[in-house]
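Enquirer: I need the structure of the sequence given here:
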Amino acid sequence: MDYDGITVRKDTGVDHVAEIVLDRPDALNALNTAMAESIAEACADLGGDPGVRAVVLSAAGAKAFCAGADLKERNAMTDAQILRQREVFRAAFGGVRDLPQPTVAAVHGYALGGGCEFAMSCDIIVADENAVFGLPEVTVGLVPGGGGTQLALRRLGTGLAADLILTGRRVTIDEAYNIGLVARRVPAGEARATAIEVATTIAKNSPVAVKAAKRALRNGWGVPLDPALDIEDAAWRTAALSADRREGIAAFAEKRAPRWPGE
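Expert: Residues are numbered from 1 along each chain as shown. Purely as a prediction, here's the structure:
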């Protein structure tokens, strides 16, 4: 399938790992309408592919993961056009968040506004020493709209989320790692390779168990403990009653690598 503004790779060289590459380097991978439509389409394709067990979200070019929305495109829009674009953007961010497979963001350079939100939409963020994060929407009269307010709240807590969003300030890799925004910090230029390694490790595990565990993690956010434990129990039952569980235990007993039946 041909996409506008992104490249999708299912032949990453690693079994069961796919990659979505934000591919507008001359525009610092800024998100425009066509690119957002492509991201939503790509996520729908990958999400329904049983051969894909993990997805890496990376970016082309040396300067940026994604500098946010394409304000040059938006500057020429009427209010009605901005509202129409809003639905396209929501579908793009929602597509990444709703992928059933685990997602790993490989961040280098600027991850601002929508770029930061794309990274936070992934399950795991790997970032290199040159990464700079920020949610500067209030500085141009906007509010984070790709999930930024809610994702920052869940990842960082009320105080840190308010600090980043209400000031619009930028965060270097040191602070991003220290506050828990970034899961893995790597040397400059190694974010993608490390993200592929993380995705490879995930893809070797039971696809049924991994997807169930992801649902438990996502659906348990902000839920009181007792109902959250019910969410975990549902995930456990899905895995425990699957062919993957039977194969996993058999492989362990026979001291061999599992051959996962999957769905």
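
Enquirer: Run the chain-centre distance for the strand or helix carrying residue 44.
Expert: Residue 44 is part of helix 33-47 when elements are defined by DSSP states H and E. Relative to its chain's centre, helix 33-47 lies at 13 Å (C-alpha atoms, centre = their mean, to the nearest Å).

Enquirer: again, but for stretch 43-50
Expert: Using C-alpha atoms, centre = their mean, the offset of stretch 43-50 from its chain centre is 14 Å.

Enquirer: Other residues contacting it?
Expert: Residues external to stretch 43-50 that are found in contact with it (C-beta atoms under 8 Å, 6 or more residues apart in numbering): 1, 8, 10, 18, 20, 52, 55, 92, 95-96, 98-101, 207, 262-263. From N, CA and C alone the C-beta is placed, and that goes for glycine too.

Enquirer: what comes up buried for the least confident helix or strand in the chain by mean pLDDT?
Expert: Ranking every helix and strand in the chain by mean pLDDT, DSSP states H and E puts helix 71-75 at the bottom, with a mean of 93. Neighbour-count burial for helix 71-75 flags 73-74 (criterion: 16 or more other C-beta atoms under 10 Å).

Enquirer: Determine which residue lies closest to the centroid of the chain.
Expert: For the chain, residue 122 is the residue whose C-alpha lies nearest the centre (C-alpha atoms, centre = their mean; 2.0 Å).

Enquirer: That one reaches residue 105, doesn't it?
Expert: Yes: in this structure, residue 122 is within contact of residue 105 by C-beta atoms under 8 Å, at 4.0 Å.

Enquirer: overlap in contacts of those two?
Expert: Residues touching both residue 122 and residue 105 (C-beta under 8 Å, 6+ apart) are residue 57.

Enquirer: for residue 90, what are its contacts?
Expert: 145-146.

Enquirer: so which helix or strand takes in it?
Expert: Using DSSP H and E, the element containing residue 90 is helix 79-97.

Enquirer: and the angle for that helix with helix 33-47?
Expert: In terms of direction (axes from the mean of the first three to the mean of the last three C-alpha atoms, to 10 degrees), helix 79-97 departs from helix 33-47 by 30 degrees.

Enquirer: Tell me how many other residues crowd residue 101.
Expert: Using other C-beta atoms under 10 Å, residue 101 has 22 other residues around it.

Enquirer: Give the other helices and strands that the helix or strand containing residue 56 contacts.
Expert: If you go by DSSP H and E, residue 56 is part of strand 54-59. If you count contacts as 3 or more C-beta pairs under 8 Å, 6 or more residues apart in numbering; DSSP states H and E, strand 54-59 packs onto strand 17-22, strand 64-66, strand 103-107, helix 191-203.

Enquirer: neighbouring strands for the first one, and are they parallel or not?
Expert: It stands for strand 17-22. Using DSSP bridges, strand 17-22 pairs in its sheet with strand 6-9 (antiparallel), strand 54-59 (parallel).

Enquirer: Just name the most buried of the ones you listed.
Expert: Across the strands paired with strand 17-22, averaging neighbours per residue (mean count of other C-beta atoms under 10 Å) puts strand 54-59 on top, at a mean of 28.

Enquirer: re the thing from before, give the rounded mean pLDDT of the helix holding residue 44.
Expert: What helix 33-47 shows for mean pLDDT is 98.

Enquirer: Tell me the buried residues in the helix holding residue 90?
Expert: Residues 85, 88-89, 91-97 are the ones in helix 79-97 that count as buried (16+ other C-beta under 10 Å).

Enquirer: And stretch 200-207, by the same measure?
Expert: Across stretch 200-207, burial judged by 16+ other C-beta under 10 Å covers 200, 202-207.

Enquirer: again, but for stretch 153-171
Expert: Burial within stretch 153-171, assessed by neighbour count using 16+ other C-beta under 10 Å, is assigned to 153, 155-156, 160-161, 164-165, 168, 170-171.

Enquirer: Including secondary structure, pLDDT and distance to residue 48, could those residues go into a markdown table?
Expert: Below are those laid out as a markdown table (DSSP: H, G, I helix; E, B strand; the rest coil; pLDDT from 0 to 100; distance: C-beta to C-beta, whole Å):
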| residue | secondary structure | pLDDT | distance to residue 48 |
| --- | --- | --- | --- |
| 153 | helix | 95 | 30 |
| 155 | helix | 95 | 27 |
| 156 | helix | 97 | 32 |
| 160 | helix | 97 | 36 |
| 161 | helix | 98 | 33 |
| 164 | helix | 98 | 34 |
| 165 | helix | 98 | 34 |
| 168 | coil | 98 | 37 |
| 170 | strand | 98 | 37 |
| 171 | strand | 98 | 35 |
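
Enquirer: That's all I had, so thanks and see you.
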